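K.L.:
Prediction below, plus the sequence it came from.
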Amino acid sequence: MPIRLIPATDNSDFPYAVASSMLREIEGMTISDVDFPAMIEAGKRFGWPQKTIDSHWGMMDRGKCFRFVQNDEPFLEGTMYEDNIFFSFRDRAHQESCEAAIDSMAEILGVRKILR
């Protein structure tokens with residue numbers, strides 16, 4: 001099950017600059033572009049509303065999103081968005097090995113961790 005780190009409250013901002021730096025500074029981290037056109041096409045097939053599609057085009061234009069894959073344990077991977085970090089996992093064992101690092105990031109950033 002994916003995990004997201006989101007703002008601490010519905011009225012607070014996500015600490016993008018700190019979170020982005022934190023991910024980029026992790027040993028063995030590889031950063032790449034998000035394939036927004038492919039993501040949007042998949043979203044259309046899933047019935048995304050136009051507002052969501054336009055939002056994703058806007059994120060692409062602002063250039064603040066990136067994919068990350070850690071090449072060392074615990075092998076964090078996911079997508080950094082402007083207002084959250086989305087962590088993805090290959091299986092339950094992978095998720096369990098990453099949870100301590102994700103919990104630590106959430107505490108340092110002062111954000112909430114949600115499962116979805």
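P.N.:
Happy to help now that I have it.

K.L.:
Every contact and neighbour count from this point should use C-alpha atoms.
P.N.:
Will do.

K.L.:
Please, where are all the helices along the chain?
P.N.:
16-24, 36-45, 50-62, 92-109 (DSSP state H).

K.L.:
how far off helix 92-109 does the first one point, in degrees?
P.N.:
Looking back up the chat, that one is helix 16-24. Interaxial angle of helix 16-24 relative to helix 92-109 (axes from the mean of the first three to the mean of the last three Cα atoms, to 10 degrees): 140 degrees.

K.L.:
Can you give me the neighbour number for Asn84?
P.N.:
21 (other Cα atoms under 10 Å).

K.L.:
Verify the stated contact: it with Arg4.
P.N.:
Yes: in this structure Asn84 lies within contact range of Arg4 using Cα atoms under 8 Å: 6.5 Å.

K.L.:
who's in contact with the residue nearest to Val18 when sequence neighbours are not counted?
P.N.:
Nearest residue to Val18, sequence neighbours excluded (Cα to Cα, 6 or more residues apart in numbering): Leu109, at 7.4 Å. Counting by Cα atoms under 8 Å, 6 or more residues apart in numbering, Leu109 touches Pro15, Val18, Ala19.

K.L.:
quick one: pLDDT of Leu109?
P.N.:
pLDDT, Leu109: 97.

K.L.:
same thing with the one 5 residues further on?
P.N.:
Looking at Ile114, its pLDDT stands at 95.

K.L.:
measure it to Pro49 for me?
P.N.:
23 Å (Cα to Cα, to the nearest Å).

K.L.:
Leu5 too?
P.N.:
24 Å.

K.L.:
These two: which has the busier surroundings?
P.N.:
Leu5 (24 against 10).

K.L.:
isn't Gly43 right up against Ser55?
P.N.:
No: applying Cα under 8 Å, one finds Gly43 not in contact with Ser55, separated by 11.8 Å.

K.L.:
which one of these two has more residues nearby?
P.N.:
Counted by other Cα under 10 Å, Gly43 and Ser55 do not tie: Gly43 has more neighbours, with 16 against 12.

K.L.:
how deep is the nearest residue to Met1 once chain neighbours are set aside tucked in, by neighbour count?
P.N.:
In this structure, Met1 finds its nearest non-sequential neighbour in Arg116, 6.2 Å apart by Cα to Cα, 6+ apart. Under the neighbour criterion other Cα under 10 Å, Arg116 is assigned a count of 10.
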